[in-house]
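K.L.:
Here you go, sequence then predicted model.
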Amino acid sequence: MTIEQKSEFEKRINSVCQEDKAKFGQMNVNQMICHCADQIRMALGEVKGLYRENVDMNELRELRAKGKSLPTVDGLDQTAGQGTRPTTLENDKIILIKYIEKFIECGDDFSFHFHPFLGDMDRKKWDNLIIYHLDHHLKQFNR
């Protein structure tokens, strides 16, 4: 993620407000912010108890091609009460931005954690996934 992308995401994250309603999905805005931070925590290996799930990659590609939501990693489904519990929106936005910064600061030799669906991923793959994920969920709330 470039500094310019980080700056743009920071603006979009800070523009989110409590009254924002989702265009799709079941998460509220607080849950979405925590969900995005959880993905970065997962990449950094801070989320414990994850395991590699047997998923059909063709099915995931088809869902993405159709613009449908992909399934959530088991243990991080906000609507099921999993993942990081929201506190206040302002506090959770600060935490998400700090995790974006923490991810950016990881050196190229950092050993990123596996993704339960996608397996072992290097920095470039995690970078692309995090950018896609943040953009997807901020658009979910018109940001």
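P.N.:
Yep, it's here.
K.L.:
Only alpha carbons, please: show the worst-scoring helix or strand of the chain on mean pLDDT as CSV.
P.N.:
Sorted by mean pLDDT, DSSP states H and E, the helices and strands of the chain end with helix 57-65, the least confident at a mean of 81. In CSV, the C-alpha atoms belonging to helix 57-65 read as follows (Å, rounded to 0.1, in the frame of the first residue of the first chain):
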residue,chain,number,x,y,z
MET,A,57,-11.6,-21.6,-4.9
ASN,A,58,-13.7,-21.7,-8.1
GLU,A,59,-16.8,-20.9,-6.1
LEU,A,60,-15.0,-17.9,-4.5
ARG,A,61,-13.9,-16.7,-7.9
GLU,A,62,-17.5,-17.0,-9.2
LEU,A,63,-18.9,-15.0,-6.3
ARG,A,64,-16.3,-12.3,-6.8
ALA,A,65,-17.0,-12.2,-10.6
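K.L.:
and the spatially most central residue of the chain, what does it touch?
P.N.:
What sits nearest the mean C-alpha location of the chain, by C-alpha atoms, centre = their mean, is residue 36, with 3.0 Å. Applying C-beta atoms under 8 Å, 6 or more residues apart in numbering, we find residue 36 in contact with 96, 133-134, 137. C-beta coordinates here come from the backbone N, C-alpha and C atoms, glycine included.
K.L.:
In the helix or strand hosting it, which of the residues would be classed as buried?
P.N.:
Per DSSP states H and E, residue 36 falls inside helix 29-43. By neighbour count on 16 or more other C-beta atoms under 10 Å, the buried set for helix 29-43 is 29-43.
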